[in-house]
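A.B. asks: Show me how the following folds:
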Amino acid sequence: MVKDENITFEEAMKKLELIVERLEEGDVPLEEAISIYKDGMELSKLCHNKLKNVEEQLVQILTVDGEKEPFTIQEEE
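C.D. replies: Residues are numbered from 1 along each chain as shown. Predicted coordinates:
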């Protein structure tokens with residue numbers, strides 16, 4: 001089980017990568033594989049929530065007076 005929800009996104013991703021590698025080896029007993037899989041799902045959810053939070057912050061930064069500014073690319077003439 002993921003014990004520290006205050007880990008950074010990068011730390012969570014590294015732990016998730018290690019879990020995937022371990023499960024891909026295929027020599028993990030079934031009960032342990034299920035436990036490891038659950039930990040991976042919690043880490044995945046944690047990463048998703050952190051990314052969603054960052055996205056919301058970026059939207060706020062890119063917002064003027066509470067309204068989203070349209071994203072346009074200026075073409076050089």
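A.B. asks: Next, work out how far apart the residue sitting nearest the centre point of the chain and residue 32 are.
C.D. replies: Centre of the chain computed as the mean C-alpha position; nearest residue by Cα atoms, centre = their mean is residue 47, 2.1 Å away. From residue 47 over to residue 32 the distance is 22 Å, taken as Cβ to Cβ, to the nearest Å. Bear in mind the C-beta positions are built from the backbone N, C-alpha and C, glycine included.
A.B. asks: low-scoring pLDDT stretches of the chain, where are they?
C.D. replies: Within the chain, the segments meeting pLDDT under 70 span 1-5, 64-77.
A.B. asks: quick one: the strands in the chain?
C.D. replies: 63-64, 67-68 (DSSP state E).
A.B. asks: Just the buried positions in the helix ranked longest in the chain, please.
C.D. replies: Secondary structure of the chain per DSSP state H: the longest helix is helix 30-61. Buried positions in helix 30-61, judged by neighbour count with 16 or more other Cβ atoms under 10 Å: 36, 39-40, 42-43, 46-47, 50.
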